[in-house]
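Here is my input; please provide its structure:
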Amino acid sequence: MNDISDNKWNAMSDDAISRQIGTFVRHHRIEQNKTQDALAKEAGISRSTLSLLERGETVTLATLIQVLRVLDLLHVIDAFTIVKQQSPLQLARAEKKKRQRVSSSKNTSKDTNDEIDW
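I've put the predicted structure just below:
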């Protein structure tokens, strides 16, 4: 399979990106020794829908997710994870607000010999 890490995704057309995704799916399907029929059945889609995906034609996002799940490739979606960044100033403020000590309870004189009525 072509290594596209050097490709500039922004320079690619939508159709080219769709074809690249289709090539990715086809490559991994064949690598896992699955036929289109078998993969489509496991993903709960028709073989023709899988064929459309592999050719880079229009399919739904749900279809792509189903296929990636069956191929055990959902990890590729990690690129869409949002990591919240905190500025050093915000981090320092949050640390300052954290409790620095433990205070004793004001109501510590509970009678431990009370009987419990059920």
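
secondary structure class for residue 57?
Using DSSP: H, G, I helix; E, B strand; the rest coil, the secondary structure recorded for residue 57 is coil.

Can you get me a residue count around it?
Using other C-beta atoms under 10 Å, residue 57 has 13 other residues around it. (C-beta placed from N, C-alpha, C; glycine too.)

backbone phi and psi for it, please?
Backbone geometry at residue 57, expressed as degrees, to the nearest 10, gives phi -80, psi 170.

Name the residues that touch the helix or strand of the chain with the lowest mean pLDDT?
Least confident helix or strand of the chain, by mean pLDDT, DSSP states H and E, is helix 88-97 with a mean of 80. Counting by C-beta atoms under 8 Å, 6 or more residues apart in numbering, helix 88-97 makes contact with residue 86, all of which sit outside it.

can you give me the offset of the longest helix along the chain from its chain's centre?
Longest helix in the chain by number of residues (criterion: DSSP state H): helix 14-31. On the basis of C-alpha atoms, centre = their mean, to the nearest Å, helix 14-31 sits 19 Å off its chain's mean C-alpha point.

average model confidence for that helix?
Per-residue pLDDT over helix 14-31 has a mean of 94.

in the least confident helix or strand of the chain, what counts as buried?
Residues of helix 88-97 include none that count as buried (16 or more other C-beta atoms under 10 Å).

before we move on, what about stretch 28-48?
28, 29, 34, 36, 39, 40, 43, 45.

So which of the residues you listed belong to strands?
If you go by DSSP state E, the buried residues of stretch 28-48 have nothing in strands.

Name the residues that touch the longest helix of the chain?
With C-beta under 8 Å, 6+ apart as the criterion, helix 14-31 contacts 1-2, 4, 9, 12, 36, 39, 53-58, 64, 67-68, 71, 73.

let's see 7 Å
Residues outside helix 14-31 that contact it (C-beta atoms under 7 Å, 6 or more residues apart in numbering) are 1, 4, 9, 39, 53, 54, 55, 56, 67, 71, 73.

how many neighbours does the third one have?
Neighbouring residues of residue 9 were enumerated by other C-beta under 10 Å; the total is 9.

so what's it closest to, chain neighbours aside?
residue 17 (6.8 Å; C-beta to C-beta, 6 or more residues apart in numbering).
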